[in-house]
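Undergrad: build me a model:
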Amino acid sequence: MLYAAAITALLLFSVAHGLPADTCDVGDSDRVDCGHVGTDQPSCEASGCCWKPAASDQAQDTPWCFYKKGAAPSCPLAYTSKGAPFTDAEVATMQGFFEANLNVEGSGAVVAAPDLNTPGGSYYYHWERDGALSMNALLQTASSVGDVKTKMDAYAGWVAKVQKDSDLNGQVVLTEPKYFIPNGSVFTGGWCRPQNDGPGLRATTLMAYADAQNSTKIADSGVDLSDLVFTDLDWLAGNWSSQGCDLWEEIRSDDFFWNRFTARAALTKGAAFATAKGDSARASTYQAAAKAAEATLDAHYDSGFVFEEQSRKKDAAVITAFNDGYLGDGVFGPASKEVAGTISTLNTLFCTEYAINQADTKAGIPGILYGRYAGDNYAGGNPWILLTAALAQLLYRGAEEVHMGAAMDTAAYSIWAELLNLPDTFDAATTAQAMAGAGDGVMERLHHHVQAGGFHLNEQIDRNSGTPMAAKDLTWSYATMLKAVHARKQYVAAVEAAH
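TA: Now for the predicted structure:
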């Protein structure tokens with residue numbers, strides 16, 4: 001009786017003083033993971049966290065080991081900018097390392113990394129995806145097309161060669177993941193195949209080059225970019241919904257957001273490209289396929305964020321998709337509620353997942369480091385430089401759109417206001433400045449971790465120590481970092497033009 005009376009008195013005290021009666025009474029959707037693969041109830045509770053099986057059969061991502069109410073770590077995005085996080089000299093250094101990985105051995109190939117001994121084996125190959133994204137980054141960030149013409153022409157020559165390769169893997173060569181350098185022969189070892197995003201990304205880069213030089217002809221080689229673009233997009237238009245591998249080359253599905261969003265972009269641009277070439281039949285086919293892909297996208301927005309695929313929902317692949325697949329038409333725009341909710345969800349995930357994020361925040365270093373997905377264990381499961389830079393790029397792009405007058409509804413603003421500590425009432429200039437400030441904070445955290453290595457960019461940053469690790473001089477890391485720097489410059493130029 002005395003024990004029961006004591007419990008009753010404790011509950012009454014909790015209610016009277018506004019304290020939660022049960023700090024473990026957290027709904028499935030509000031749980032923040034406090035464990036890792038293999039965590040059991042005794043080890044979970046010994047760490048001061050809560051253990052309860054998920055209530056919903058559908059909630060496969062719901063953690064059973066989770067933080068008590070109000071106890072989860074926090075990595076605030078709000079940051080008052082103190083100027084460009086990287087100096088012009090530091091950017092030039094990274095640009096030099098980046099361009100050293102292009103047109104390797106004069107072949108036109110893009111080496112994924114000049115590193116023969118990574119956790120995943122040698123990276124001395126041309127990955128179709130990495131190559132397309134890297135050459136697009138080169139073109140996007142160049143002062144003029146003339147500055148990059150030699151490398152772009154060489155890349156077009158490489159594509160013309162590998163599109164005609166014999167394929168010994170029992171699939172169409174257009175969806176092969178990687179090729180040997182310098183001869184361009186197909187890699188025939190075990191790998192995740194097919195990779196259906198490659199043709200669309202490659203076509204997008206080649207169309208951008210054709211537009212930039214106002215010609216589809218490569219005079220020195222006789223290559224016609226139209227032939228290369230149509231080869232890739234003809235395949236994509238008929239196969240965009242087929243099963244393939246994810247961005248990380250680990251799982252297969254026919255419904256990855258990354259694949260769908262970037263395919264939509266490639267096919268939409270392809271329709272305009274075909275129209276300009278007077279090919280109305282192709283234009284119609286591409287546009288129809290783009291619309292069909294677009295119709296699948298809304299289903300990926302669920303529980304307040306955009307998920308990559310049902311079996312791997314919280315995945316930063318969607319952050320790269322928001323950048324590389326956006327058409328400027330408001331569909332998953334950088335200031336939208338879908339993007340804001342996804343950033344909020346992934347911030348919570350990666351802040352709690354990585355000890356280095358918590359240590360950096362405690363030390364007063366702004367921003368946050370992003371990794372790939374919940375439960376990643378490749379090389380120990382760490383933050384990735386390219387994904388963190390992609391977050392910064394997305395924030396800068398959102399800042400520019402808001403500054404230029406992009407609409408922001410109440411639902412979107414409420415999420416951004418919480419993320420960036422904004423006032424209750426929307427103001428475009430204040431919001432844009434806060435988004436750009438958050439981008440600077442993210443880049444400041446990256447700067448903190450890469451400066452000791454002379455601005456060489458690895459693939460990953462150790463989740464505990466903060467030391468760069470895994471593949472050295474990853475081309476995709478440079479490409480995304482330089483795109484983030486470029487996005488910041490575009491925002492700053494827009495602000496200056498308004499004054």
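
Undergrad: now do the contacts for the residue nearest in space to the middle of the chain.
TA: Closest to where the C-alpha atoms of the chain average out (C-alpha atoms, centre = their mean) is residue 320, at 2.5 Å. By C-beta atoms under 8 Å, 6 or more residues apart in numbering, the contact set of residue 320 is 247, 258, 386-387, 390, 480. Yep, even glycine has a C-beta here, placed from its N, CA and C like the rest.

Undergrad: immediately after whichever strand or helix holds it, which helix or strand?
TA: Assigned by DSSP states H and E, residue 320 belongs to helix 317-324. Counting by DSSP H and E, the element after helix 317-324 in chain order, helix or strand, is helix 337-353.

Undergrad: now residue 475. Nearest residue, chain neighbours left out?
TA: residue 101 (4.3 Å; C-beta to C-beta, 6 or more residues apart in numbering).

Undergrad: neighbours of that neighbour, how many?
TA: Close neighbours of residue 101, defined as other C-beta atoms under 10 Å, add up to 22.

Undergrad: shouldn't it be in contact with residue 114?
TA: Yes: between residue 101 and residue 114 there is a contact at 6.5 Å, judged by C-beta atoms under 8 Å.

Undergrad: joint contacts of the two?
TA: With C-beta under 8 Å, 6+ apart as the test, residue 101 and residue 114 both reach residue 473.

Undergrad: before we move on, back to that, residue contacts, the residue nearest to residue 475?
TA: So residue 101 contacts 110-111, 113-114, 134, 473, 475, 478 (C-beta under 8 Å, 6+ apart).

Undergrad: quickly list the domain ranges of the protein.
TA: 2-66, 88-191+307-498 (automatic domain parsing).

Undergrad: for those, which one sits closest to residue 228?
TA: When the domains of the chain are compared for distance to residue 228 using C-beta to C-beta, the nearest one is domain 88-191+307-498, at 5.2 Å.

Undergrad: pLDDT averaged over that closest one - what is it?
TA: Domain 88-191+307-498 comes out with an average pLDDT of 97.

Undergrad: what do you get for stretch 54-62?
TA: Stretch 54-62 shows a mean pLDDT of 64 in the predicted model.

Undergrad: quick one: end-to-end length of it, please.
TA: Stretch 54-62 has an end-to-end distance of 6 Å (C-alpha to C-alpha, to the nearest Å).

Undergrad: stretch 164-177 too?
TA: End residues of stretch 164-177 are separated by 15 Å (C-alpha to C-alpha).

Undergrad: got the buried residues for that stretch?
TA: Neighbour-count burial for stretch 164-177 flags 169, 173-177 (criterion: 16 or more other C-beta atoms under 10 Å).

Undergrad: cool, stretch 27-42 as well?
TA: Within stretch 27-42, the residues that count as buried by 16+ other C-beta under 10 Å are 28, 31-35, 39.

Undergrad: give me the number of residues near residue 234?
TA: Residue 234: 17 surrounding residues under other C-beta under 10 Å.

Undergrad: just how off-centre is stretch 175-190 within its chain?
TA: Between the centre of stretch 175-190 and the centre of its host chain there is 25 Å, according to C-alpha atoms, centre = their mean, to the nearest Å.

Undergrad: pull the residues that contact it.
TA: 104-107, 109, 111-112, 124-129, 158, 161-162, 165-169, 173, 191-196, 198-199, 235, 244-245, 249.

Undergrad: on that earlier part again, so can I have CSV of the domains of the chain showing distance to residue 278?
TA: CSV is the format used below for those (distance: least, C-beta to C-beta, whole Å):
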stretch, distance to residue 278
domain 2-66, 49
domain 88-191+307-498, 21
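
Undergrad: all helices of the stretch 251-400 of the chain, in order?
TA: 257-276, 280-294, 317-324, 337-353, 355-362, 385-403 (DSSP state H, counting those that start in this stretch).

Undergrad: for residue 421, find the nearest of those.
TA: Using C-beta to C-beta, these put helix 337-353 closest to residue 421, at 13.0 Å.

Undergrad: just the buried residues of stretch 213-225, please?
TA: With burial defined by 16+ other C-beta under 10 Å, the residues of stretch 213-225 counted as buried are 213, 216, 218, 223-225.

Undergrad: thinking again about what came up before, just the buried members of the contacts of stretch 175-190?
TA: By 16+ other C-beta under 10 Å, the contacts of stretch 175-190 give 104, 107, 109, 111-112, 124-129, 158, 161-162, 169, 173, 193-196, 198-199, 235, 244-245 as buried.

Undergrad: circling back: from the contacts of residue 101, which land in helices?
TA: With helices taken from DSSP state H, the overlap with the contacts of residue 101 comprises 134, 475, 478.

Undergrad: isn't the second one right next to residue 99, touching?
TA: No: between residue 475 and residue 99 no contact is recorded; they are 9.7 Å apart, counting by C-beta under 8 Å.

Undergrad: nearest to residue 353, of the contacts of residue 320?
TA: Proximity of the contacts of residue 320 to residue 353 was ranked by C-beta to C-beta; the top entry is residue 387 with 12.6 Å.

Undergrad: just to revisit the earlier point, switch the buried residues of stretch 213-225 over to a markdown table; also include distance to residue 52 and secondary structure.
TA: Output for the buried residues of stretch 213-225, formatted as a markdown table (distance: C-beta to C-beta, whole Å; DSSP: H, G, I helix; E, B strand; the rest coil):
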| residue | distance to residue 52 | secondary structure |
| --- | --- | --- |
| 213 | 60 | helix |
| 216 | 60 | coil |
| 218 | 62 | strand |
| 223 | 61 | strand |
| 224 | 62 | strand |
| 225 | 57 | helix |
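
Undergrad: for residue 146, state which of the residues you listed is nearest.
TA: Comparing the buried residues of stretch 213-225 against residue 146 with C-beta to C-beta places residue 213 closest, at 8.7 Å.

Undergrad: list the contacts of the closest one.
TA: Going by C-beta under 8 Å, 6+ apart, residue 213 touches 145, 149.

Undergrad: report pLDDT for it.
TA: 95.

Undergrad: skipping adjacent residues, who's closest to residue 312 in space?
TA: residue 373 (5.5 Å).

Undergrad: what about the one you found, how many neighbours?
TA: Around residue 373 there are 24 residues (other C-beta under 10 Å).

Undergrad: with that, I have no additional questions.
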